[in-house]
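Peer 1: Got a predicted structure plus its sequence, pasted below:
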Amino acid sequence: MTSQIFTVALLGNPNCGKTSLFNLLTGSRQRTGNMAGVTVTGREGEREHLGVTLRFVDLPGIYSLSHNRVEERVARDYLFETPPDLVLNVVDAGNLARNLALTTQLLEQQLPTVIAMNMLDEAEAQGIAPDCDNLARLLDMRVLPSDGRKPRYLDLLLDTLVEQLRKKNEAPALEIAYEQHVEQSIGRLTDSGLNRWQAVQALESAGDVPFVLHANQRELLHNEVEQLESYHDDSTAQLIAEGRYGYIHGLMHNSGSDHDEISFAEHWIDSVVLNRWLGLPIFVGLLWFMFETTFTLGAFPADWIDAAVAQLGQWLAAGLPEGLLRDVLVDGLIAGVGGVLVFLPNVVLLFTFIAIMEQSGYMARAAFLTDRLMSRVGLHGKAFVPLVMGFGCNVPAIMATRTIEEPRARLITILINPFMSCSARLPVYVLLAGIFFADRAGTVLFGLYMLGILMAFTVAAILSRTIPAQHDESFIMELPPWRWPSLRSLALHVRDKAGDFLSKIGGVILVGSLLIWLLQTFPQNADQSFLEQLGHLLAPLFAPLGLGWQETVALLSGFIAKEVIAATLAVVYQAGEQDMEGLQAALLAGLAPAAGLALMVFTLLYMPCLATIAVIRRETGSWRWAMVSILLGLVLAWGGAFLTYHIASLFY
Amino acid sequence: MTLTDVQKKQTCRILAIKGPDNLRQRLTALGVLRGQMVRLSASTLWGDPRTYAIGRQQICLRNDDACMVEVELCDD
C-alpha cells in the first residue's frame, strides 16, 4: 500500500524561527529545490507520520503576500499556482501583530492554515505570551505551540497536521471590514467577477497579481485606485494594511494580548553593540577575531590534511611502478584533491562564525554599522563582511554573499571580491617584496592590500552605475531580536555548506589541476613542456610589463591557485624549492625591481584562481559572470602592472 | 517633524508616511503605520542610517527614507 502524500508549505515572517522548525520537522531528509525560474531557493523535505507522507516546503521568509520583493512574489505565486494541501503559518509570539498580518492574508485567500506559535519562551520571558487557545477560538483555526530548538511540541504539531489534512476543511474565508471607500471599491471589483480576496490583493498590489485580470477589470481597478488615493492621503496598500491591523488589534484585545502594541522591544546588548562610538570598534574587533581564528586555527587541520595527502601520495608512489599512471595519480589526481581539501577547515570555521553571526542576529547589526561606508559605492552594509572575508580566501567569502538578498548588490559584491587580496597571494608578495624591497617590505605589502581595496571600490562604483537598478534597492531592514544560535541548526548549516563546497567546487578544481599537470608534463622527453611553450608564446604580451617568459609561466600556473606562483618561479629558474637563496639571487639578476613590483600588482589583480572562478560560476548561476570576472581581472592587471612598471622605472 | 528629527529618549507618534510607492509599501508590509509609537534606538557614527524601535520591532532606515515619515512628539 502506498501512503498518501500531502504537501505542507511553511510560511512566515523573516526571523520567526521558520527554518529551525523546518529542520526539526524534516531532520536530515531535505534538499534545496529551486522555485520556478528565480534565484530564490526553497527547501523541501519529507517525513512519515501516522501512515501518511508529509512533504514540507520551506518558503522564503516574507512580511506580506505582496509584489514588492522577489521572495514575496515567489511565495505568492507558489501559493496560487500550486496550492499546498496545508499552510503551516509560523508566527513569532514576540511580535504577534505583524506576524498575524500575513496570517490574515492567508485566511482571506481561504487557504487551509494551521498556526505554529513559535518563540513562546521568549515572549513568556517578556510577559507577552499570547493565549493560543483563545486565539484559536477567535480565528476559528488550530493554533499550536511550536519550538524549532526542542522537540517537545513536535508530536502534537504533527498529529494536528495529519488530522487537519485528513478532514476536508470548509472554513469560510476571513472577511475583514475595511474602510468604507475601500469596501465600495471591493464591491465594484467583485461585481466585475473577482473573488473578494482577489479584489483585495489586486487593490493592494495595484494590479500586479498572479491571476488573470480582464481588460475591463484592469481598467476598473485603475479607476478605483485613483479614486481611493484622491479621497485619502494614503496609498491603497496603506488603507488595506490599516484595515488588517485594525482587525488584528481587535482580535488581540479580545484575546487579552493587547499590551503587545505599546511596549518597545529593546535589548541591553544593543545599547553596547550599536553604541554610536563603540559599535564600529567592537565590530572590527570581532572581525579580527573571526579572521584570526579561522586562518590560524584552520591552519592546523589544513596542515594535517596536507601531510596526510602527501603521505598517501608517497605510499602510492612507492607501491606503483614508475610510469605515466603513477604520475597521473600522484602528481595530478592526489595533488588536485589535496588542493581542494586543504581549504575545507577554513570553509568550515568561517561558516560556523557566519552562521553564529546570522542566527544570533549580529549580522543585521553589522550591516547597519557599515551601511554608510558601503552606500558610497552603491552597495549596502551586508556586503561588508564577505569583502573582509576575501582577505582570507575568496571562495568562502563569495559563498557568504548569500546573505545579501538583492541580486544586483550580491552580483557586484561577488565580482569585486577577487580584488580583496586573499592569503594565497601573500607568499608571492613576501617572496618578491623580500627580494626587491627588503627594507620596505611592510610598506609594499600594505600598499598592495590598499590597491586591492581601492580597485574593489572603484569597480563597485562603476558597476553600480552600469548594471541596471532593480525597483527596490532601499535599505529597510529589520533588526531581529537577539537569540542563542541552536547547535542543531548550526551543525546542519555548516554541513550543508561544506558539502556544497566539496561537491560543486571540488570537481572544477580537480579537472583544472589535472589540465595544468598535463601541460606541465607533456610532451615528455622534450626540452620544453606545453606550459613552457605557452609561456614563450605569451611572453611578448608580458614584455611591456618588464616580465620574461619565466614570470609568464609562473602566472599561468597561478591560475590553479595563486600560491603556486612562487613554487613555479622556483622551478623555472631552476632553483630547488628548498634553495631560497638561489632563487632570490636568480630573480634579482633576472628582474628589475620595477618589474618585481609590476609582477606583484599583476598577481594581486589578475583573474581569480580556479576555485574562485568555480564558485563565481556557481553563485551567479552562469559562466557569463565568471568570464566577466576573468576579463575584468586580466585587463585591470595588465593596465595596473603596465603603469606600475613604467612609473616605478622612473625611480629605480 | 520627521523621523530624522527624533532625538534619543523621545517618544513620537507616526502621523503620515509619504514618499514613493515602493517605500510606503515596504514600510506598510513591516507594519509601520500611522498612529504607531516610535523611538530612536541606535545611530551609527555618521548619524545615518539609524535604527528605530517601532512597536515590537527595530527597523533600520537610511535618513533619505526616514525623512518621509512624519511624526509628532508625545509628551509623557
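Peer 2: Arrived safely. Since we're looking at a predicted model, the values are computed, not measured.
Peer 1: Residue A:89: neighbour count?
Peer 2: A count of neighbours around residue A:89, defined by other Cβ atoms under 10 Å in any protein chain shown, yields 27. Where C-beta positions appear, they are placed from N, C-alpha and C, glycine not excepted.
Peer 1: My guess is it contacts residue A:13. True?
Peer 2: No. Using Cβ atoms under 8 Å, residue A:89 is not in contact with residue A:13; the gap is 9.8 Å.
Peer 1: Common neighbours of the two, please.
Peer 2: Contact with both residue A:89 and residue A:13 is made by residues residue A:102, according to Cβ atoms under 8 Å, 6 or more residues apart in numbering or on different chains.
Peer 1: Model confidence for residue 18, exactly?
Peer 2: In the absence of a named chain, chain A is used. With respect to pLDDT, residue A:18 scores 88.
Peer 1: that answer is for a different chain, and I need it for chain B
Peer 2: 88.
Peer 1: and what of residue A:188?
Peer 2: On the pLDDT scale, residue A:188 gets 94.
Peer 1: ok, it - contacts?
Peer 2: With Cβ under 8 Å, 6+ apart, residue A:188 has these contacts: A:220, A:224.
Peer 1: Please state the offset of the helix or strand harbouring it from the chain centre?
Peer 2: Using DSSP states H and E, residue A:188 maps to helix A:180-191. Here helix A:180-191 shows a centroid-to-chain-centroid distance of 43 Å under the convention Cα atoms, centre = their mean, to the nearest Å.
Peer 1: which residues sit in contact with residue 59?
Peer 2: No chain specified, so I'll use chain A. So residue A:59 contacts A:9, A:10, A:11, A:42, A:74, A:75, A:78 (Cβ under 8 Å, 6+ apart).
Peer 1: should've been chain B
Peer 2: Residue B:59 touches A:476, A:477, A:478, A:479, B:30, B:32, B:51, B:52, counting by Cβ under 8 Å, 6+ apart.
Peer 1: swap in residue B:18?
Peer 2: With Cβ under 8 Å, 6+ apart, residue B:18 has these contacts: B:24, B:68, B:69, B:70.
Peer 1: cool, residue A:160 as well?
Peer 2: Counted by Cβ under 8 Å, 6+ apart, residue A:160 has contacts A:114, A:142, A:144.
Peer 1: How many residues are close by residue A:282?
Peer 2: There are 17 residues near residue A:282, going by other Cβ under 10 Å.
Peer 1: Leaving aside the residues adjacent along the chain, what's closest to it?
Peer 2: The shortest distance from residue A:282 to any non-neighbouring residue, by Cβ to Cβ, 6 or more residues apart in numbering or on different chains, is to residue A:273 (6.0 Å).
Peer 1: Residue ranges in chain B under the pLDDT threshold?
Peer 2: The model of chain B has pLDDT under 70 over residues B:76.
Peer 1: What segments of it are strands?
Peer 2: B:11-17, B:37-43, B:50-54, B:57-61, B:69-74 (DSSP state E).
Peer 1: Would you format these as JSON lines with distance to residue A:17 included?
Peer 2: As requested, the strands of chain B are arranged in JSON lines below (distance: least, Cβ to Cβ, whole Å):
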{"stretch": "strand B:11-17", "distance to residue A:17": "28"}
{"stretch": "strand B:37-43", "distance to residue A:17": "22"}
{"stretch": "strand B:50-54", "distance to residue A:17": "21"}
{"stretch": "strand B:57-61", "distance to residue A:17": "15"}
{"stretch": "strand B:69-74", "distance to residue A:17": "29"}
